[in-house]
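In: Below are the sequence and a predicted model for it; my questions follow.
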Amino acid sequence: MRRYEILSHTADTGVAARGSSLAEAFENAAFGMFDLMFDLSAVSGGEECRVEAAAETRAELLVAWLSALLAEAEIRGLVFSRFVVEQMTEGSLRGTAAGTTVAGLELRGPPVKAVTYHDLAVEQVPGGWLVRVIFDV
């Protein structure tokens, strides 16, 4: 199973990510978001940080998780390449992200400025979960 697929959008870009569990789908969406910007095959997961998010719905939790990852990456000057959702409840998520410094890495796509609610979806599908999210670039 591919971790994610790129979604075409008029002015922005997005990903559709799958997972056998909801946590895995969230992890794969995070991987897709950073992989759109940087080639993660060349990025190691050296520096780790904890990330927490809270929201009222699963879809809003996806936006909160991805937004928290973007903020941590920007604050720390990192590119994350490894994501682990350690605990997820209906309204909260706790996990870790690991990556390396952004210095010296070339962008392969436009930087993601924000995670949007446009066409946002979190769905249980045969064999697991599917999440779709559009990013403002």
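Out: Perfect, I can see it now.
In: how about low-confidence regions in the chain?
Out: 1, 9-11 (pLDDT under 70).
In: what about the helix ranked longest in it, distance to the chain center?
Out: Looking only at the chain and at elements set by DSSP state H, the helix with the highest residue count is helix 58-76. Distance of helix 58-76 from its chain centroid, counting by C-alpha atoms, centre = their mean, to the nearest Å, is 7 Å.
In: Now do the helix or strand just after that helix and helix 58-76, the angle between them.
Out: The first helix or strand that comes after helix 58-76 along the chain, using DSSP states H and E, is strand 78-88. Between strand 78-88 and helix 58-76, the angle formed by their directions is 140 degrees, by axes from the mean of the first three to the mean of the last three C-alpha atoms, to 10 degrees.
In: what pairs with strand 78-88, and is each one parallel or antiparallel?
Out: For strand 78-88, the paired strands and their directions (DSSP bridges) read strand 92-101 (antiparallel).
In: sorry, back to before: show me what the longest helix of the chain is packed up against.
Out: Applying 3 or more C-beta pairs under 8 Å, 6 or more residues apart in numbering; DSSP states H and E, we find helix 58-76 packed against helix 22-37, strand 47-54, strand 78-88, strand 92-101, strand 114-115, strand 121-125, strand 128-136. Yep, even glycine has a C-beta here, placed from its N, CA and C like the rest.
In: of all the ones you listed, which lies closest to Val15?
Out: Using C-beta to C-beta as the measure, helix 22-37 is the one of these that comes nearest Val15, at 3.6 Å.
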